[in-house]
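Enquirer: structure for the following, please:
(one chain, ligands or ions: 3)
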Amino acid sequence: MGVGTVGFLASLKLVGEKRNKNEISESELKEIQSKPNRSAFKPDEAFVIFVLGGPGSGKGTQCSKIVKDYNFAHLSAGDLLRAEQNREGSEYGDLIRSYIKSGQIVPQEITIALLKNAMQSEIDKGTNHFLIDGFPRKMDQALTFEETVVPSKFTLFFECPETVMLERLMSRGKTSGRDDDNIDSIRKRFRVFIDQSMPVVNYFDNAGKVAKLQCDEPVDAVYARVQKKLEDHGVKPESK
Ligand code: ADP
Ligand code: C5P
Ligand code: MG
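Expert: Ligands and ions are numbered 1, 2, ... in the order given. All right, here's what the predicted structure looks like:
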């Protein structure tokens, strides 16, 4: 099944669902699908580790540490969406803003297109090892990405109690300027994480492709665990 077919099926599903007034319109979906898709990467062209965990579990913090030691490119789906949201002239800015504020998952076509383009530009610069942070957040994203972009090697999953994540997010919210670091949005994001993102973790776990770690510890202690998991999966500091 080609990229276009998957996108089309996904759009039919979306269009069939009840949509909020700010959700993407049918014509906008067609517009995304009509843009030329780059061909999918071969498994040896891109080494992908998904990085998942609840909001505030420390994904971004740990990825920043990994890239200093391992020569991976760090692509945060949330960061790419926020950049697109703020890009002058983006036709999806308002749509992305409304999904992020309510903690909902942005339609997969947008996020996958942003990730694929970002991966291609890293490959063009000579990096083909990727930490894909905060993705896939929903089963459709997981299946479409693995089918049309490249299969992941494994998932690093950060386990963290909600109370700890809440405290971290409220603290981050003092300076982050993010529209979703407030108590209302955080509650919604926790619910979406349990209902929509945990099935993704369980899906990969059933396939034996999840490395779980506890992250309710100081940053450096968590990082030591991350390094051990990477080593267990044959990822060496000089990997590139
Ligand atoms: P995520 O990307 O998973 O949402 P972040 O990496 O942005 O999480 O971390 C959320 C907040 O918690 C940030 O303010 C960060 O500085 C802080 N933080 C991250 N890891 C830890 C940790 N192990 N201990 C204490 N605070 C942390
Ligand atoms: O990962 P991060 O916390 O930066 O994500 C912020 C928001 O971006 C999510 O709550 C969600 O609205 C959106 N997002 C998404 N799909 C992803 C990643 C993020 O819709 N794969
Ligand atoms: Mg993050």
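
Enquirer: SS state for the residue nearest the centre of the chain?
Expert: Central residue of the chain (CA atoms, centre = their mean): Phe135, 2.1 Å from the mean position. Secondary structure, DSSP: H, G, I helix; E, B strand; the rest coil: Phe135 is coil.

Enquirer: for ligand 2, what are the nearby residues on the protein?
Expert: 55, 76-78, 81, 99-100, 103-106, 111, 134-135, 137, 141, 180, 189 (CB under 6 Å from any ligand atom). Heads up, the C-betas are built off the backbone N, CA and C, glycines and all.

Enquirer: mind checking which of these are in strands?
Expert: Using DSSP state E, the subset of the residues of the chain next to ligand 2 located in strands is Ser76.

Enquirer: give me the mean pLDDT for the lengthiest helix in the chain.
Expert: If you go by DSSP state H, the chain has its longest helix at helix 108-125. For helix 108-125, mean pLDDT rounds to 96.

Enquirer: could you measure from Asn182 over to Pro151?
Expert: Asn182 is 37 Å from Pro151, where distance means CB to CB, to the nearest Å.

Enquirer: which residues touch stretch 204-224?
Expert: 50, 53, 57-58, 61-62, 65, 142, 152-161, 164, 201, 225-226, 229, 232-233 (CB atoms under 8 Å, 6 or more residues apart in numbering).

Enquirer: quick one: end-to-end length of it, please.
Expert: 23 Å (CA to CA, to the nearest Å).

Enquirer: which residues of this structure score low on pLDDT?
Expert: 1-39, 239-240 (pLDDT under 70).

Enquirer: can you tell me the closest non-neighbouring residue to whichever residue of it sits closest to ligand 2?
Expert: Proximity of the chain to ligand 2 (CB to the nearest ligand atom) peaks at Gly78, 1.9 Å away. Among residues not flanking Gly78 along the chain, Gly134 sits closest, at 4.8 Å (CB to CB, 6 or more residues apart in numbering).

Enquirer: doesn't Gly54 make contact with that neighbour?
Expert: No: the criterion here is CB atoms under 8 Å, and Gly134 misses it with Gly54 at 10.5 Å.

Enquirer: the two: who's more crowded?
Expert: Taking neighbours as other CB atoms under 10 Å, Gly134 and Gly54 compare with Gly54 leading, 25 against 22.

Enquirer: tell me who's in contact with that one.
Expert: Gly54 touches 158, 160, 162, 165, 190, 193, 197, counting by CB under 8 Å, 6+ apart.

Enquirer: many thanks, I have nothing further to ask.
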